[in-house]
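J.: Fold the following, please.
(one chain, ligands or ions: 1)
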Amino acid sequence: MDELTKVTHIDNVKLSEDKRSVVILDQTQLPNRTVYLTLGSAEDIYDAIFELKVRGAPAIGICAAYGIYCLAAAAKTDDFEKFYMQFKKDKEYLDSSRPTAVNLSWALNRMEGVVLANKEKPVSEIISLLKTEACEIQAEDIRMCRAISEYGLSLIKDGDGILTHCNAGPLATSRYGTALGPLFLGKERGMEFKVFADETRPLLQGARLTSYELAKGGLDVTLICDNMASLVMKNGWVQACFVGCDRIAANGDAANKIGTSGVAILAKYYGIPFYVLGPTSTIDMDCATGEDIRIELRDENEIKEKFYSEPMALKEVKCYNPAFDVTDHSLIAGIVTEYGICRAPFNESFQEIFRKKRENRL
Ligand SMILES: CSC[C@H]1O[C@H](OP(=O)(O)O)[C@H](O)[C@@H]1O
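T.: The predicted model follows:
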């Protein structure tokens, strides 16, 4: 397997050999250590998602799907009501780990749908169906990322400068990634890009993960501090911005890693197209606008202490640490999904995309 394929096909979340646990690549250890964790209990799975050991909207959904299957498989009852009571308890617990990425609740709701659709069957058969569904969720993600990568690649050309924020590569999904997928696919076809990766404070997904994936894959990546994006764009080094997404509202407002909306505003100012790339499962038509998207707030020590040898602010100094922000739909040139590129007016474009999805399941 060549170095590029080792990256695009990285095993970041999978079922264990005995099909009883979830095995993840601990992303908090990258880029310095490659550490795999085996998650057997609900607490292990919750902690892995909450601490971003597994992260990125699709990867979180896949981990939760495998996780709720493993917890169900450990059930010690053949009584459906008892089985379902425990299933709901575990589902609600895992769903409470992180609120913004829709893929977490989307995957868990889909798994619950399998239980309810088969409640007349023996519990053992339901458990088997849950494993099949979790594997299909991952298989769909692989097909989805590949399709997004094709559509995304149609927006750029050989030699383009691309600016990214946070990480939406293979580590955040199952293969290729969403925002980074077109770059890896283009590289496979002999294309070259000059990628500028925002380090993405405070958890440095860009530095630790995006530049790791791109460098390992042999792509030209330049790591920049978030406050350098404006100068890089002003210098004319960026022809497009590609970012991922965690939840998209019905009007096209898109929630993504904190700092993304600032990148979009800069891109608008410099006349650079700003694209959001993500699966249709990230579009939440129950959120009318970005105002309806709940933004996760995280511990202040991620700002003050986490990556420093000593605190960089006084203990008494308070912090504000939102993990995401919302980019207004007016700043987005296109939303690249596995069924095509949505453009304003996004409400109408989403209706068309969902029609295509109903008629042409990937
Ligand atoms: C392919 S979705 C990636 C998306 O998720 C990241 O958030 P986190 O690292 O907190 O899971 C970020 O918003 C990425 O754009």
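J.: ok, residue 235 - how many residues close by?
T.: Residue 235 is flanked by 10 other residues according to other C-beta atoms under 10 Å. Quick note: C-beta positions are derived from backbone N, CA and C, even for glycine.
J.: Just list the residues touching it, thanks.
T.: Under the criterion of C-beta atoms under 8 Å, 6 or more residues apart in numbering, residue 235 has no neighbours.
J.: Quick one, grab the pLDDT at it.
T.: In the predicted model, residue 235 carries a pLDDT score of 98.
J.: and residue 275, which of the three is it?
T.: Under DSSP: H, G, I helix; E, B strand; the rest coil, the three-state class of residue 275 is strand.
J.: So what's the predicted local confidence for it?
T.: Here, the pLDDT recorded for residue 275 equals 98.
J.: Spell out which residues of the chain are next to the ligand.
T.: Along the chain, the residues adjacent to the ligand under the rule C-beta under 6 Å from any ligand atom are 52, 55-58, 166, 168, 172-173, 178, 205, 243-244, 246, 256-257, 323.
J.: Would you list the phi and psi of residue 33?
T.: With angles defined as degrees, to the nearest 10, residue 33 sits at phi -140, psi 140.
J.: Now for it, how many residues are close by?
T.: Counted with other C-beta under 10 Å, the burial measure for residue 33 works out to 8 neighbours.
J.: what's the spacing between it and the ligand?
T.: For residue 33, the distance to the ligand under the criterion C-beta to the nearest ligand atom, to the nearest Å works out to 18 Å.
J.: Show the model's pLDDT score for that residue.
T.: The score at residue 33 is 97. That number is its pLDDT.
J.: Identify the residue of the chain closest to the ligand, quick one.
T.: The minimum distance from the chain to the ligand, using C-beta to the nearest ligand atom, falls at residue 244 (2.9 Å).
J.: what residue ranges in this structure score low on pLDDT?
T.: Low-confidence regions of the chain, defined here as pLDDT under 70, do not occur.
J.: Helices along that one, start to end?
T.: If you assign secondary structure with DSSP state H, the helices in the chain sit at 3-8, 42-50, 57-73, 80-95, 102-117, 123-153, 181-188, 205, 211-216, 229-234, 260-270, 301-304, 346-359.
J.: the domain parsing of this protein - what is it?
T.: The chain breaks down into these domains under automatic domain parsing: 3-145, 158-359.
J.: show me the contacts for the residue found closest to the residue of the chain closest to the ligand once you drop the neighbours it is linked to in the chain.
T.: Counting by C-beta to C-beta, 6 or more residues apart in numbering, residue 168 is the residue found nearest to residue 244 once chain neighbours are left out, at 2.7 Å. With C-beta under 8 Å, 6+ apart as the criterion, the residues that contact residue 168 are 56, 177, 178, 179, 180, 242, 243, 244, 245, 277, 278.
J.: I'd assumed residue 334 was in contact with the last one.
T.: No. Under the criterion of C-beta atoms under 8 Å, residue 278 lies out of contact with residue 334, with a separation of 11.6 Å.
J.: More neighbours: which of the two?
T.: When residue 278 is set against residue 334 and neighbours are counted by other C-beta under 10 Å, the residue ahead is residue 278, at 30 against 22.
J.: so who does the more buried one touch?
T.: Taking C-beta under 8 Å, 6+ apart, we find residue 278 in contact with 57, 148, 168, 178, 244, 245, 248, 254, 335, 336, 337.
J.: Please repeat the previous calculation with a cut-off of 7 Å.
T.: Contact partners of residue 278, counting by C-beta atoms under 7 Å, 6 or more residues apart in numbering, are 178, 244, 245, 248, 337.
J.: Now intersect these with the strands, please.
T.: 248, 337 (DSSP state E).
J.: now, among the contacts of residue 278, which is nearest to residue 103?
T.: residue 245 (9.9 Å; C-beta to C-beta).
J.: how about the nearest residue to that closest one, chain neighbours excluded?
T.: In space, residue 245 comes closest to residue 278 once its chain neighbours are excluded; the distance is 3.9 Å by C-beta to C-beta, 6+ apart.
J.: try residue 221
T.: Closest residue to residue 221 in three dimensions, ignoring its sequence neighbours and counting by C-beta to C-beta, 6+ apart: residue 214, at 3.9 Å.
J.: what about the one you found, neighbour count?
T.: Using other C-beta under 10 Å: residue 214 sits among 24 other residues.
J.: try residue 310
T.: Other residues within reach of residue 310, judged by other C-beta under 10 Å, total 5.
J.: For it, give me the backbone phi and psi.
T.: phi -150, psi 160.
J.: For residue 318, see how far away it is.
T.: Using C-beta to C-beta, to the nearest Å, one obtains 19 Å as the distance from residue 310 to residue 318.
J.: Same check on residue 306?
T.: Spatial separation of residue 306 from residue 318 under the definition C-beta to C-beta is 16 Å.
J.: repeat for residue 351
T.: Between residue 351 and residue 318 the distance, using C-beta to C-beta, works out to 44 Å.
J.: more crowded one of these two?
T.: Between residue 351 and residue 318, counted using other C-beta under 10 Å, residue 351 has the larger neighbour count: 13 against 7.
J.: ok, now which ones touch that one?
T.: Listed by C-beta under 7 Å, 6+ apart, the contact set of residue 351 is empty.
J.: Same check on residue 287?
T.: When contacts are counted by C-beta under 7 Å, 6+ apart, residue 287 touches 247, 249, 250, 293.
J.: cool, and residue 319?
T.: So residue 319 contacts 300, 303, 304 (C-beta under 7 Å, 6+ apart).
J.: how about a markdown table for these, with neighbour count added?
T.: What follows is these, written out as a markdown table (neighbours: other C-beta atoms under 10 Å):
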| residue | neighbour count |
| --- | --- |
| 300 | 17 |
| 303 | 19 |
| 304 | 18 |
